[in-house]
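Colleague: Next input, structure requested:
(chains A and B)
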Amino acid sequence: MAGTLTLVSNEIRMLINHLTQTAKTPSLLVFYAFMIAGSFFVSNVVAILADFGGLFSELSAFLTETLNQSVIMPTVALLSVASVFSGYFSNGLTASLEPSDESLIMPAPLRPHQLLISRYFRRLIHKSAIAVILLIVLYPLMAEHTELLLPISMLIASAIVFFEFNHLLGGVMSELRNRLDHMTTSRMRHLVLPLVGAAVYLPTLPIWPLEPSLILFVPSNAFCDVFLRFAGYSVIVPMDIALAFVFVGYLIVLLLLANLCSVDFYEAFAAASVGEMHENRFSRLIRGQVDFSESRFNDPIMWVVVKDFWTRMRSPLQFWKYVYFAIGVATAVWLNIVQPTWLPPLVIPPDLSLSAVPAFLLMLVLVCQMSAMTSLLSFFDEKDNIYLLKASPFRRVDLVLAKYVGSLAEGAMALLPILGLMIYFFAVKGSMMLATLAAPLLMVFCATGVMVGAYVPVLTNDPRNAPIPLVFSFPAINLFFGGIIIVLVIALSTQVLIVIVLPSIVMLMVTSLLAISVAALKSFK
Amino acid sequence: MSKYEHCFGNCEAKLHMYPVYYDAARAALGGPTSKPLLSGGVRMMSQEQVVEKMTGEELVSLARALKIPLTARTIRREWLIDDIRKAIQQRTTEPYRLHSPAIRLSEVEKRFGKKIAVKKLELVVEPGEIVGLVGPNGAGKTTTLRMLTGIISPSRGKVEIDGYDMATKSLKAKQRIGYIPERPTCYPSLRVREYLTFTARVYGVPRPTALLRMKEYVGLFQLGPLLNSYIGTLSKGNLQRTLLAGIFVREPPFILALDEPIYGLDPRGAWILKGLLKKLKSEGSSAIISTHTLEVAQGLCDRFVVMNEGEVVGLGTLDELLKNHPGASALEEVFLELTGGIPKE
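Modeller: Alright, predicted model coming up:
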């Protein structure tokens, strides 16, 4: 126990130091200010644009009319089933460990579960901070309807605890697999996977009589109960009791994981770090005999773009990203042209039409933000090679442009399929016109990502680890710029002037952000 | 004026700041030393000397840790030092001695999928012995050290540290281990002082001992000015010194697993470390040192294990290895012969 407390107090110490460092670094403070002010601004804008109190009540009515209660529980339980399967085939919670643990904690006289708990404590602190920021940001939306504050807070709390339950369930499955691998080499050991999957899923099926015990002792059912009560369905267990039981389920799985955690936890981390150094066999198979050193490109921008392309192709997920793009775009185009009767778009009730447009815009901003994530990684993925790149005989502006062009292409590939599906399924009034905003949003967001990535080696001498506030500032800055673009479009929507103003503003934003990136390359730590 | 007097007339005061170098420099210049130098030229301070070097604030912290009542409004430094000395003498216990052998690797094998990283490794290291682990890149040295420290477990075979099986009594086995990884890393958000205190707590070092040893090793590794610096801002060399100080904050004897310990250290730091290792060895600690710097290995180690592609291809003292390889005149040539032959010019 003393060891656990020492590790947890060390986590708290590191957190306090981190905050102190941030408070003493003007650039980080500016980023924080951007993050909070930007989110608050967007939230206020959205609150002015839509009456969310009305939206919630209308949405409740819409849900209760269209969605059968008996379908929701098994659907939500699929999240837990997915955790069971993904946990069994993954390295569990080793992602929470870091290289320093390998040299400092793993050889120390401490038990693996002590390290696991201290790292998990760090995760909880981060999650809590995000939840608090989320509540602050959402507050303007709920300010007019304080009666919603408690149910929304309970829904957010139960959602966080339920997702943590699933996260830990994946860890339990990973440890279980390790234990079974040591105990037996029989293939029958893998039967544990369908057995646990069935144990998680079967109690959620509507074949059983709906009893309080069945709801309370199955975390996914308890979470559904909270959600259903919030959405206006008639449920048999009160919201607060269901929330308490989601928490009980979470605690049980946390303690189970701590008990199962063995030295294999270290082993998995060590194996994963060794694996990082080697190219995946599947990627090598796809990549074939391509040898980037034989590149014929002499233009620095093309050289860096092609280098990044082949470097990313070494990651197994990258190939599937291209498959997703091809299939996703084809599906979206087909749906929009054929409009099959068996897969109709969502029918938005007339009462919701006023709120639907802002919701569409919000979704558009979020989708563009998600798609632009690769731009954040464009410099960050270079890790220590960033210094080699900077020392290479390329102009700084060429490097920044190359990273921007590459991330714009990657971002567009991620965005197009979702955008196509959004236009089809969520066809609000003028959605085709609104969807064109995706282009300026993506251009600005990618420029922000490149800028934030370029600043990592400016703020730290360890480009492998980006400062957390810097990473969080990325969506915050984007929300801020996204908000400006949307306000501008709404204000000038009926005027021809928009054709000149919008491109000019976007070009100004992109150029400024890229110019700041070039300046960042000049001032590495 | 002698060479010694001339030099010390100018810089004696400065050298007093670094008692470790003080005697070495005096000896090098022919001056009198206050105490005989140990091998390597490192003179460690006794606990009493460490106490004398402490600042008022440090003395008060130490007195509190020793539960010395501090009731007077003002306390004279000499009296406080006397009280602390008495309290330390009362606390003195019989020093721990390592079991024999300090390290035993029996038929140890490690597989990563189909690849065998280490094949049937047999190794025994006695207390007071330093063994050099040498071999080309990818020979399995780092994997061996990681198994030794309990970071990974062997696929087959047994690792025993200080007589305790790493698989069944890992906490006891790890209590004596001091590990320096190939690529030193540490928590960047901790200050040097906080890291040292944290290490002492993790290893259950009593607070008075931790305070004394921190003072001693912070001085030895010249970390004094960096105590309040964040680890993330340290240079490679200073990070390495911090990690070393983190090991030695604990009470000896140690079983050290050092992967390229000289990495990043300046010549002075390397010299201090080499001297310290010799001193620890003479006091009964053991070490396995993995290094590519064969001169360092030759100067420090009693025996050598030469590994190639996961297998031990050479084992013995330098004399034994040279005897088995008549064409070789130094460890470097033995190494080259055992790991693919001496390249033709």
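
Colleague: For A:Ser504, see how far away A:Val489 is.
Modeller: Computed as Cβ to Cβ, to the nearest Å, the A:Val489 to A:Ser504 distance reads 13 Å. All C-beta spots, glycine's among them, are computed from the backbone N, C-alpha and C.

Colleague: Comparing these two, which shows the higher neighbour count?
Modeller: Higher neighbour count among A:Val489 and A:Ser504: A:Val489, with 18 against 10, using other Cβ atoms under 10 Å in any protein chain shown.

Colleague: my guess is that one contacts A:Leu497, does it?
Modeller: No: taking contacts as Cβ atoms under 8 Å, A:Val489 lies outside contact range of A:Leu497: 11.5 Å.

Colleague: element containing B:Ile75?
Modeller: In the assignment (DSSP states H and E), B:Ile75 maps to no helix and no strand.

Colleague: Give me the phi and psi for it.
Modeller: phi -120, psi 130 (degrees, to the nearest 10).

Colleague: roughly how far apart are it and chain A?
Modeller: Counting by Cβ to the nearest Cβ, to the nearest Å, the gap from B:Ile75 to chain A is 30 Å.

Colleague: For that residue, report the pLDDT, please.
Modeller: Listed pLDDT for B:Ile75 reads 83.

Colleague: and B:Leu276, how many residues sit next to it?
Modeller: B:Leu276, neighbours per other Cβ under 10 Å, totals 21.

Colleague: my guess is it is in a strand, correct?
Modeller: No: under DSSP: H, G, I helix; E, B strand; the rest coil, B:Leu276 sits outside any strand and is assigned helix.

Colleague: Confirm for me that it is in contact with B:Leu220.
Modeller: Yes: using Cβ under 8 Å, B:Leu276 is in contact with B:Leu220, at 7.2 Å.

Colleague: Show me which positions of stretch A:176-183 end up buried.
Modeller: In terms of neighbour count (16 or more other Cβ atoms under 10 Å in any protein chain shown), stretch A:176-183 has its buried residues at A:Leu176, A:Arg177, A:Asn178, A:Leu180.

Colleague: Average pLDDT for the host helix or strand of A:Ser118, rounded please.
Modeller: Per DSSP H and E, A:Ser118 falls inside helix A:112-142. Averaged across helix A:112-142, the pLDDT comes to 84.

Colleague: what about residue 114, neighbour count?
Modeller: No chain in the question, so chain A it is. 22.

Colleague: Switch to chain B, please.
Modeller: 5.

Colleague: Also A:Tyr424?
Modeller: A:Tyr424 - counted by other Cβ under 10 Å - has 21 other residues nearby.

Colleague: Tell me which helix or strand it sits in.
Modeller: Short version, using DSSP H and E: A:Tyr424 is in helix A:396-425.

Colleague: packing partners for that helix?
Modeller: helix A:300-313, helix A:316-338, helix A:353-371, helix A:373-380, helix A:385-391, helix A:431-435, helix A:438-459, helix A:498-522 (3 or more Cβ pairs under 8 Å, 6 or more residues apart in numbering or on different chains; DSSP states H and E).

Colleague: chain center to that helix: distance?
Modeller: 17 Å (Cα atoms, centre = their mean, to the nearest Å).

Colleague: same thing with stretch B:260-273?
Modeller: 11 Å.

Colleague: What's the mean pLDDT across that stretch?
Modeller: 88.

Colleague: Which residues of the stretch 401-525 of chain A lie near chain B?
Modeller: Proximity of the stretch 401-525 of chain A to chain B, by Cβ under 8 Å from any Cβ of the partner chain, involves residues A:Thr460, A:Asn461, A:Asp462, A:Asn465.

Colleague: Quick check: the farthest pair among these?
Modeller: For those, the farthest-apart pair by Cβ to Cβ is A:Asn461 and A:Asn465; their separation is 10.2 Å.

Colleague: Quick check: residues of chain A near chain B?
Modeller: So chain A meets chain B at A:2-3, A:6-7, A:10, A:13-15, A:17-18, A:21, A:99-100, A:102-111, A:263, A:266-267, A:270-271, A:274, A:460-462, A:465 (Cβ under 8 Å from any Cβ).

Colleague: Filter those residues down to the buried ones and hand me the ChimeraX line.
Modeller: Entered in ChimeraX, the line below selects the buried ones among those, by 16+ other Cβ under 10 Å:
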select /A:3,6,7,10,13,14,15,17,18,21,99,100,102,103,104,105,106,107,108,109,110,111,263,266,267,270,271,460,462
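
Colleague: of all of the stretch 351-500 of chain A, which residue lies closest to chain B?
Modeller: A:Asp462 (6.3 Å; Cβ to the nearest Cβ).

Colleague: quick one: the helices in the stretch 1-150 of chain B?
Modeller: B:3-15, B:19-28, B:47-53, B:56-65, B:77-91, B:141-148 (DSSP state H, counting those that start in this stretch).

Colleague: What helices and strands are in contact with the one helix or strand B:Gly269 maps to?
Modeller: Element membership of B:Gly269 [criterion: DSSP H and E] is helix B:267-282. With contacts taken as 3+ Cβ pairs under 8 Å, 6+ apart, helix B:267-282 sits against helix B:236-248, strand B:286-290, helix B:294-300.

Colleague: Mind doing that once more with 10 Å?
Modeller: Under the contact definition 3 or more Cβ pairs under 10 Å, 6 or more residues apart in numbering or on different chains; DSSP states H and E, helix B:267-282 sits against helix B:19-28, strand B:130-134, helix B:207-220, helix B:236-248, strand B:255-259, strand B:286-290, helix B:294-300.

Colleague: thinking again about what came up before, quick one: the helix holding A:Tyr424 to helix A:353-371, angle?
Modeller: 140 degrees (axes from the mean of the first three to the mean of the last three Cα atoms, to 10 degrees).

Colleague: What residues sit buried inside helix A:396-425?
Modeller: Buried, per 16+ other Cβ under 10 Å, within helix A:396-425: A:398-408, A:410-424.

Colleague: can you check stretch B:201-218 too?
Modeller: B:201-203, B:205, B:208-218.

Colleague: which residue of chain B sits farthest from its center?
Modeller: B:Arg73 (41.7 Å; Cα atoms, centre = their mean).

Colleague: Can you give me every residue that contacts that one?
Modeller: By Cβ atoms under 10 Å, 6 or more residues apart in numbering or on different chains, no residues touch B:Arg73.

Colleague: what's the answer for the one 5 residues further on, then?
Modeller: Applying Cβ under 10 Å, 6+ apart to B:Glu78 gives the contacts B:Glu52.

Colleague: do the same with A:Arg177
Modeller: A:Gly87, A:Tyr88, A:Phe89, A:Ser90, A:Gly92, A:Arg189, A:His190, A:Val192, A:Leu193, A:Asp264, A:Ala268.

Colleague: What subset of those is buried?
Modeller: The buried subset of the contacts of A:Arg177 - by 16+ other Cβ under 10 Å - is A:Gly87, A:Tyr88, A:Ser90, A:Gly92, A:Val192, A:Leu193, A:Asp264, A:Ala268.

Colleague: Kindly provide the distance from the fourth one to chain B.
Modeller: Meaning A:Gly92. 16 Å.

Colleague: how far away is the residue in the stretch 201-345 of chain B that chain A sits nearest to from A:Pro349?
Modeller: Nearest residue of the stretch 201-345 of chain B to chain A: B:Arg201, at 4.6 Å (Cβ to the nearest Cβ). Distance of B:Arg201 to A:Pro349, computed by Cβ to Cβ: 61 Å.
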